[in-house]
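Enquirer: Kindly generate the corresponding structure for this input.
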Amino acid sequence: TVQSEGAIGGGTLAEAPVASVALRITGRPPEILAERLRSGSPAVIGRVVDGALLLDARSVFPEEDRLIVAALRRALAE
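Expert: Reported below is the predicted structural model:
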């Protein structure tokens, strides 16, 4: 896990930073892994930063953790 910072809202609020924590995934091409996650069900949206895929935990509820883990396992197995 790594410290992360995102932005909230759109328009005038898009510059307001929000501190968070992200799962940093390396060892696979991050663009390909990001595409697999986006096209899965449920879709999981990450971002590529410095050659790694970051999955921000800011908008994931604890009861959704298992869904994210399952989606990540599927994407890594492809």
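
Enquirer: who are the neighbours in contact with the closest residue to Val60 other than its chain neighbours?
Expert: The spatial neighbour of Val60 that comes closest, neighbours along the chain excluded (C-beta to C-beta, 6 or more residues apart in numbering), is Ile68 at 6.0 Å. Where you see a C-beta, it was placed from the backbone N, CA and C, and this is true even at glycine. Contacts for Ile68 (C-beta atoms under 8 Å, 6 or more residues apart in numbering) come out as 44, 55, 60.

Enquirer: Output the longest strand along the chain as PDB, restricted to C-alpha atoms.
Expert: Selection of the longest strand in the chain by residue count, based on DSSP state E, yields strand 17-25. Extracted C-alpha coordinates of strand 17-25, given in PDB (Å, rounded to 0.1, in the frame of the first residue of the first chain):
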ATOM      1  CA  PRO A  17      -6.900  17.200  -3.000                       C
ATOM      2  CA  VAL A  18      -8.100  14.300  -0.900                       C
ATOM      3  CA  ALA A  19      -5.700  12.000   1.000                       C
ATOM      4  CA  SER A  20      -6.100   8.300   0.600                       C
ATOM      5  CA  VAL A  21      -4.400   5.000   0.500                       C
ATOM      6  CA  ALA A  22      -3.900   2.900  -2.600                       C
ATOM      7  CA  LEU A  23      -2.800  -0.600  -3.500                       C
ATOM      8  CA  ARG A  24       0.300  -0.400  -5.700                       C
ATOM      9  CA  ILE A  25       0.500  -3.300  -8.200                       C
END
